[in-house]
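In: Here is a sequence together with a model predicted from it:
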Protein chains: 2
Amino acid sequence: MVNEKNVVESRLTGPVRVVGVGLLGTSIALGLRARGVDVILSDASPTNVSIAEDYGAGRRATDGDEPQIVVVCVPPDVTASVIVRELSAYPRAVVTDVASVKKPVLDAVIAAGGDVTRYVGSHPLAGRERGGPMAGRADLFVGRPWVVAGHPAISYQTAAAVDDLILDLGATLVEMTAAEHDASVALVSHVPQVVSSVLAQRLVEAPESAVNLAGQGLRDVTRIAASDPELWVQILGANAEPVVEVLSAFRDDLDRFIGALSAPEVPGARREIAEGLAAGNAGVARIPGKHGLDKRYAQLVVMVDDAPGELARLFAEVGEEGVNLEDLRLEHSPGAPIGLAELSVLPEVSGRLAEALAARGWRIAG
Amino acid sequence: MVNEKNVVESRLTGPVRVVGVGLLGTSIALGLRARGVDVILSDASPTNVSIAEDYGAGRRATDGDEPQIVVVCVPPDVTASVIVRELSAYPRAVVTDVASVKKPVLDAVIAAGGDVTRYVGSHPLAGRERGGPMAGRADLFVGRPWVVAGHPAISYQTAAAVDDLILDLGATLVEMTAAEHDASVALVSHVPQVVSSVLAQRLVEAPESAVNLAGQGLRDVTRIAASDPELWVQILGANAEPVVEVLSAFRDDLDRFIGALSAPEVPGARREIAEGLAAGNAGVARIPGKHGLDKRYAQLVVMVDDAPGELARLFAEVGEEGVNLEDLRLEHSPGAPIGLAELSVLPEVSGRLAEALAARGWRIAG
């Protein structure tokens, strides 16, 4: 559902055919429908097409379809063959895909003799924990980076249609080569996935009493270890070389750290540990966007009973006080009857809000 | 500030002396004051004592003090010597500490001839990103595990005073030996810290274009890499042996994973990768408490303009619809003018809420 007032005319001039209506395909289709684009849905599963159609994501394919763009949104291991098939089925269409690796796909399309003057790969850096058409949403890509991996065989003019599609969906266009893309996602996505999964393996055999001491740190580090193994085996397999390169560098750093920590009394060992931790500080500081405690804001921690309506009441009352929430974080302790809401507000209103909430009976500290 | 109606009589019978008024010491002091306990504040820094006193955390020490309990809340590398000093200064007090390693502290106190019939170590699994007395809050320990590391030299009756203090602060009492504790926190806290820090090091030299593709996964995995190196060098140094043991097992798992990924076409390699990822699923599923998507609830994603008052308005309107928020998560994209609020609600009200919010002009999907 997209609010009427937000419908802006599409930059596209023809229909878009979406092949594979899982999370990404359905989200692309919904986003384009919201712009009034004619969207054609295709999937190996007729059930998925029906669901996506019922969702308002578009219409079924017909014989006379002449799509301007085909977007291939199928699992990584069949992406290249579907691209080649679509290139020959629709000889006037520009074809793109959304697989999370780009060079192996381009190489395979070239190797299969696909017409790469009409193919340009792309990759939206967006997703969520749930998959399938039911998880699709029109706004999935808003404000997210979307890489277009240009190559010499496609003209600027031809590829521009894919840019239009990306901008239609509200994403931020990022241009890089397929190899640059694959190295980048190895670093910021695939290696963190492996590290999180391998760390979480340590918990399988751990005593219950140890796991019960887990705090937010462990939860954060291992959250993505809950990802779908079937999908990730394909992604990692397809991007194995760049991932192994970054993983090996990580392993070398780790070995050095273990070495220093194995003999912490040796001169220089503690300095090496401290430098490793400080380098971690420097690395995490480079990640853009709102995360952690934003230094522009003051934080106010409010205790909220884990009872119906309490959180809503808190936010309603913050609103009544005329204070704008800039960000917030919730913290739950296992089994605790109480949660903590950390509100980020402008420093100049923080004192007043604390007093006002306390006067309304909220328990506050920090 | 603790709401008047929440003051419950303390289980303690005498004053509590808090040595070291950083985040933990001040929080303990504030929590005990809220129960009406006479709290005596001590710190190597007179400024810190003044701040904590101004905060309402307790009073300065006087010559005639006879504390029932002394709580040592100083940095790990001086904890043992301060415990020994306090044991002799207050020969009728029970002494505990809150350092995040327990066996080296106990061993050092015994080695220095401290009277361990009156010492029992403890460790509250609580903390936050900011330190210092100003970050202290009375409710820091509510619902959090607090380990008491009993040993044969202290009687049950003597140690019970520390249990009372922990229960006064609303924490959940957990009993284990010092060695069990140290192995447990190595697994659930210290190793995740090292892994996060060492992974974040990879970002230091990374191209800007790669770092800009970072999503929530990388943010989560590296969040604790922003922790204080000075404190962590002490913690890791003090718990080196258990940490190295878990880290080495992690490194072995990682080596196996790298081996499989280095030759993904070798028979069995993909199965090994998939099994590693599936074991990660199993591990993360063992962590207790609310985290990730709670399957008991339905999720509703609402787009929120990054403008003053918008988030507060959303929550106010959810409240007006009479719907209880069970949990929520905020998602911000770098530079995006829009954030996403994922509301968890009971499945039976989710459809109605989606319609109501859409009718109020909110953009909804999922």
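Out: Nice, thanks for sending it over. Numbers count the residues shown, from 1 in each chain, chains lettered A, B, ... in the order given.
In: what's the spacing between the residue nearest to the spatial centre of chain A and residue A:105?
Out: Centroid-nearest residue in chain A: residue A:126, 3.4 Å away (criterion: C-alpha atoms, centre = their mean). According to C-beta to C-beta, to the nearest Å, residue A:126 and residue A:105 sit 18 Å apart. Yep, even glycine has a C-beta here, placed from its N, CA and C like the rest.
In: One more: residue A:353?
Out: In terms of C-beta to C-beta, residue A:353 sits 51 Å off from residue A:105.
In: and what of residue A:152?
Out: 16 Å.
In: Let's see the pLDDT reported for residue A:256.
Out: Note on residue A:256: pLDDT of 97.
In: okay, now it: neighbour count?
Out: Using other C-beta atoms under 10 Å in any protein chain shown, residue A:256 is surrounded by 14 other residues.
In: other SSEs contacting the strand or helix carrying it?
Out: Residue A:256 is located in helix A:240-262, with elements delineated by DSSP states H and E. In terms of contacts (3 or more C-beta pairs under 8 Å, 6 or more residues apart in numbering or on different chains; DSSP states H and E), helix A:240-262 is packed against helix A:178-185, helix A:191-201, helix A:269-285, helix B:191-201, helix B:240-262.
In: Tell me the secondary structure at residue A:100.
Out: Secondary structure state of residue A:100, per DSSP: H, G, I helix; E, B strand; the rest coil, is coil.
In: Quantify the burial of residue A:66 by counting its neighbouring residues.
Out: 11.
In: Could you point out the helix or strand that follows the helix or strand of chain A with the lowest mean pLDDT?
Out: Across the helices and strands of chain A, mean pLDDT, DSSP states H and E gives its lowest value to strand A:327-332, namely a mean of 66. The helix or strand immediately downstream of strand A:327-332 is strand A:338-345, counting by DSSP H and E.
In: strand partners of that next one, parallel vs antiparallel please.
Out: strand A:298-305 (antiparallel), strand A:327-332 (antiparallel) (DSSP bridges).
In: CA atoms only: put that strand into PDB for me.
Out: Output of strand A:338-345 as PDB, limited to C-alpha atoms (Å, rounded to 0.1, in the frame of the first residue of the first chain):
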ATOM      1  CA  ILE A 338      10.600  -4.700  32.200                       C
ATOM      2  CA  GLY A 339      12.200  -3.300  29.100                       C
ATOM      3  CA  LEU A 340      14.300  -0.300  28.600                       C
ATOM      4  CA  ALA A 341      13.600   2.300  25.900                       C
ATOM      5  CA  GLU A 342      16.600   4.500  25.100                       C
ATOM      6  CA  LEU A 343      15.200   7.700  23.500                       C
ATOM      7  CA  SER A 344      17.500   9.900  21.500                       C
ATOM      8  CA  VAL A 345      16.400  13.500  21.500                       C
END
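In: Quick check: which ranges of the stretch 201-350 of chain A have low pLDDT?
Out: Counting by pLDDT under 70, the low-confidence segments of the stretch 201-350 of chain A come to A:289-296, A:306-309, A:330-339.
In: go again using 80 as the cut-off
Out: Where the stretch 201-350 of chain A drops to pLDDT under 80, the residues are A:289-297, A:305-312, A:316, A:324-340.
In: what's the helix or strand for residue A:287?
Out: Using DSSP H and E, residue A:287 sits in no helix or strand.
In: Who are the contact partners of it?
Out: With contacts defined as C-beta atoms under 8 Å, 6 or more residues apart in numbering or on different chains, residue A:287 is in contact with B:203, B:211, B:214, B:218, B:219, B:222.
In: can I assume the last one is in contact with residue B:201?
Out: No: checked against C-beta atoms under 8 Å, the pair residue B:222 and residue B:201 is beyond contact range at 9.8 Å.
In: ok, these two, which is more surrounded?
Out: Using other C-beta under 10 Å as the criterion, residue B:222 and residue B:201 rank with residue B:222 on top: 31 against 25.
In: Quick one: list the elements packing against whichever strand or helix holds the more buried one.
Out: Here residue B:222, judged by DSSP H and E, is contained in helix B:216-222. Contact partners of helix B:216-222 among helices and strands, from 3+ C-beta pairs under 8 Å, 6+ apart: helix A:191-201, helix A:216-222, helix A:269-285, helix B:191-201.
In: what about the first one and chain B, any contact?
Out: Put plainly, it is helix A:191-201. Yes: interface with chain B: helix A:191-201 contributes A:191, A:192, A:193, A:194, A:195, A:196, A:197, A:198, A:199, A:200, A:201 (C-beta under 8 Å from any C-beta of the partner chain).
In: quick one, phi/psi of the closest residue to residue A:30 other than its chain neighbours?
Out: Distances taken as C-beta to C-beta, 6 or more residues apart in numbering or on different chains put residue A:138 closest to residue A:30, at 3.9 Å, once the chain neighbours are dropped. Backbone torsions for residue A:138, taken as degrees, to the nearest 10, come to phi -60, psi -30.
In: What count of nearby residues applies to residue A:138?
Out: Residue A:138: 28 neighbours (other C-beta under 10 Å).
In: What pLDDT is listed against it?
Out: At residue A:138, pLDDT is 86.
In: Residue A:51 should be in a helix, yeah?
Out: Yes: counting by three-state DSSP, residue A:51 is part of a helix.
In: burial count for it?
Out: 19.
In: my guess is residue A:51 contacts residue A:136, does it?
Out: No: with contact defined as C-beta under 8 Å, residue A:51 does not count as touching residue A:136 (9.3 Å).
In: shared neighbours, those two?
Out: residue A:21.
In: Contacts only, for residue A:40.
Out: Residue A:40 neighbours (C-beta under 8 Å, 6+ apart): A:15, A:16, A:17, A:18, A:58, A:59, A:60, A:61, A:65, A:67.
In: Name the SS class of it, please.
Out: strand.
In: In the sheet, which residues pair with it? Tell me.
Out: Bridge pairing for residue A:40 - DSSP bridges - gives residue A:17, residue A:59.
In: Look up the pLDDT of it for me, please.
Out: 98.
In: hang on, the earlier thing: any chance of the strands paired with strand A:338-345 in a markdown table, plus mean neighbour count?
Out: What follows is those, written out as a markdown table (neighbours: other C-beta atoms under 10 Å in any protein chain shown):
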| stretch | mean neighbour count |
| --- | --- |
| strand A:298-305 | 21 |
| strand A:327-332 | 19 |
